[in-house]
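In: from the sequence below, what's the structure:
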Amino acid sequence: HLATSLPLPSERDHLRPRIDLIVFMIDIKSKYSLKNIEASLAYVDARYFLGKVCFLVTGVGRVKDCSVEMNAVWKLGEVYCSPVLFCELELEGTRVATAQRLLRMLRICAGHVPGVSALSFGLLMKNSADD
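Out: Next up, the predicted model:
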């Protein structure tokens, strides 16, 4: 499910499935996307920051068009103890690899990987970078 910002509308709460992973997408070319995420973070329950949130930075192949400070992105990951992934959506191989990484993370967050918890994100992200 996709949302452009948080909080989610309450009128559909009864229809909403359980949320296992929140991926905040930051477009490196848009300061608005970073501001929107910063505003939305206040609506996320603190329990999600224990391995169920990540930041996905898109457009990283166009450094010259960058409107977002990379230090601000790294700081978000650090402050919220959440991994930061980078992706160039225009490159199919990178897009596919990122989608596979997100699906692996989702399986873990949803509890579908026996013996592995969402709290293991740091180690898992480090290992998945070697794939």
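In: mind listing what residue 98 touches?
Out: Applying Cβ atoms under 8 Å, 6 or more residues apart in numbering to residue 98 gives the contacts 56, 85, 87. Just so you know, the C-beta spots here come from the backbone N, C-alpha and C atoms, and that holds for glycine as well.
In: any idea how far it lies from residue 38?
Out: Distance, residue 98 to residue 38, by Cβ to Cβ, to the nearest Å: 22 Å.
In: which ones among the contacts of residue 98 map onto strands?
Out: The strands, defined by DSSP state E, take in 56, 85, 87 from those.
In: and the last one, what does it touch?
Out: Pointing back at residue 87 there. Residues counted as contacts of residue 87 (Cβ under 8 Å, 6+ apart) are 56-58, 60, 94-95, 98.
In: distance to residue 27, secondary structure and pLDDT for the residues you listed - can I get that in CSV?
Out: Shown next, in CSV, are these (distance: Cβ to Cβ, whole Å; DSSP: H, G, I helix; E, B strand; the rest coil; pLDDT from 0 to 100):
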residue, distance to residue 27, secondary structure, pLDDT
56, 10, strand, 95
57, 8, strand, 93
58, 5, strand, 91
60, 10, coil, 78
94, 15, helix, 90
95, 14, helix, 90
98, 14, helix, 92
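In: weed out the non-buried ones from the residues you listed.
Out: Listed as buried from the contacts of residue 87 are 56-58, 60, 98; burial here means 16 or more other Cβ atoms under 10 Å.
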